[in-house]
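In: sequence first, then the predicted structure:
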Amino acid sequence: MGVKMDSDSALVVFQGKKIRRLWHNDEWYFSVVDVIEVLIEQEDHQKARKYWNKLSQRLKDEGSEAVTNCHRLKLSAPDGKMRPTDCANTKSLFRIIQSIPSKRAEPFKQWLAQVGHERIQEIENPEIGQDRIKEYYELKGYPKEWIDKRLRGIAVRQELTDEWKEREVKKNQEFAILTNEISKATFGKTVQEYKQFKGIEEKNRNLRDHMTDWELILTMFGEKATTDITKKDDSRGFVQCRTSANKGGNIAKRARKDLEENLGESIISNDNYLPEDEKKRIEGKRGR
């Protein structure tokens with residue numbers, strides 16, 4: 001039973017249902033309500049939440065540590081905003097699952113154990129994680145050349161975000177603003193504006209999974225330039241890092257403009273690397 005990963009590493013999929021998660025205190029924490037939705041086979045998020053409220057009270061009355069060990073962590077909500085959500089690690093989730101009568105309980109426990117096992121493997125050997133991501137894109141039908149660029153882009157992005165963290169950029173909102181600064185300078189569009197341009201409606205979709213080769217390369221170029229400028233200028237805090245992000249994005253912009261002048265066409269494209277059925281769906285919406 002393989003663990004299917006969404007394009008966003010903060011999501012995994014069990015039998016078609018997305019489970020939100022967050023790497024916290026050196027282990028995965030999963031949204032308890034998402035898990036309950038799966039186990040009680042209920043698509044209504046509010047009903048699953050009410051089920052959890054009753055169950056958590058019963059477990060508290062019984063003296064179970066499964067509830068007290070839950071953490072209120074911020075996860076992306078359906079509206080795209082980061083909201084505090086009850087989350088539990090693998091150990092606590094096993095205890096919660098045992099309290100829910102469900103035919104899905106046993107396969108879910110097996111799935112959950114594999115998620116944890118694969119994460120340990122990836123920590124010990126990061127190449128395993130990259131191999132899994134590569135397999136994910138291959139299964140979705142992406143070309144090998146595109147996958148290689150995407151994986152390289154992930155590494156460049158990680159280097160940049162690690163640098164920001166070391167320089168006192170902590171809030172998720174600040175990371176989003178800095179990313180938009182690079183995107184706006186490079187392409188003249190924020191991430192959300194670019195998603196709209198490409199017809200991407202799902203909030204959790206990663207824009208980069210829809211980019212063409214040149215868009216990926218220029219995104220990577222802008223982020224690598226930002227990383228090196230941030231180091232050179234010794235930028236500290238959000239304001240200084242934002243200045244460096246603007247510089248990095250503008251370097252990528254000049255490269256884009258020079259290339260477009262030589263090619264005689266724009267690099268900015270509403271083309272998508274998508275499975276054929278999804279591509280037809282998006283093109284159908286554009287034609288309405």
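Out: Alright, I've got the coordinates. Numbering: from 1, shown residues only.

In: pretty sure Ile147 sits against Lys140.
Out: No - here Ile147 lies out of contact with Lys140, judged by Cβ atoms under 8 Å, at a distance of 9.7 Å. Glycine gets a C-beta too; all of them are placed from N, C-alpha and C.

In: so those two - more neighbours on which side?
Out: More crowded of Ile147 and Lys140, by other Cβ atoms under 10 Å: Ile147, with 18 against 14.

In: for the stretch 51-200 of the chain, just list every one of the strands.
Out: In the stretch 51-200 of the chain, the strands defined using DSSP state E, counting those that start in this stretch lie at 71-76, 82-88.

In: pretty sure Ile100 is touching Ile36, no?
Out: Yes - Ile100 is within contact range of Ile36, at 7.0 Å (criterion: Cβ under 8 Å).

In: overlap in contacts of these two?
Out: Leu55 (Cβ atoms under 8 Å, 6 or more residues apart in numbering).

In: more neighbours, those two?
Out: Taking neighbours as other Cβ under 10 Å, Ile100 and Ile36 compare with Ile36 leading, 23 against 17.

In: I'd like to know how far Ile40 sits from Ser99.
Out: Remark: distance between Ile40 and Ser99 (Cβ to Cβ, to the nearest Å) = 12 Å.

In: who's more crowded, these two?
Out: Taking other Cβ under 10 Å, Ile40 and Ser99 do not tie; Ile40 has more neighbours (17 against 14).

In: count the neighbours of the closest residue to the more buried one other than its chain neighbours for me.
Out: Leaving aside its chain neighbours, Ile40 sits nearest to Tyr51 (6.0 Å; criterion: Cβ to Cβ, 6 or more residues apart in numbering). Residues contacting Tyr51 under the criterion other Cβ under 10 Å number 18.

In: same question, Ile217
Out: Ile217 is flanked by 19 other residues according to other Cβ under 10 Å.

In: identify the residues contacting it.
Out: For Ile217, the contact set (Cβ under 8 Å, 6+ apart) comprises Lys149.

In: name the helix or strand for it, please.
Out: Assignment of secondary structure by DSSP states H and E places Ile217 within helix 213-233.

In: run the chain-centre distance for that helix.
Out: A distance of 20 Å separates the centroid of the chain from that of helix 213-233, by Cα atoms, centre = their mean, to the nearest Å.

In: I'd like the next helix or strand past that helix.
Out: helix 237-263.

In: what residues sit buried inside that next one?
Out: Within helix 237-263, the residues scored as buried using 16 or more other Cβ atoms under 10 Å are 238, 240-242, 244-253, 255-256.

In: coming back round to it: among the strands of the stretch 51-200 of the chain, which comes closest to Ala176?
Out: Taking Cβ to Cβ, strand 82-88 is the member of the strands of the stretch 51-200 of the chain nearest to Ala176, at 9.6 Å.

In: which residues are contacting the closest one?
Out: Residues contacting strand 82-88 (Cβ under 8 Å, 6+ apart): 20-22, 24, 29-33, 35, 52, 56, 66, 69-77, 96, 172.

In: rewinding a little: the residue nearest to Ile40: what's it in contact with?
Out: So Tyr51 contacts 36, 40, 42 (Cβ under 8 Å, 6+ apart).

In: next: Asp228.
Out: Applying Cβ under 8 Å, 6+ apart, the residues near Asp228 are Gly248.

In: if we use 10 Å, what do you get?
Out: Listed by Cβ atoms under 10 Å, 6 or more residues apart in numbering, the contact set of Asp228 reads 159-160, 163, 244, 248, 251.
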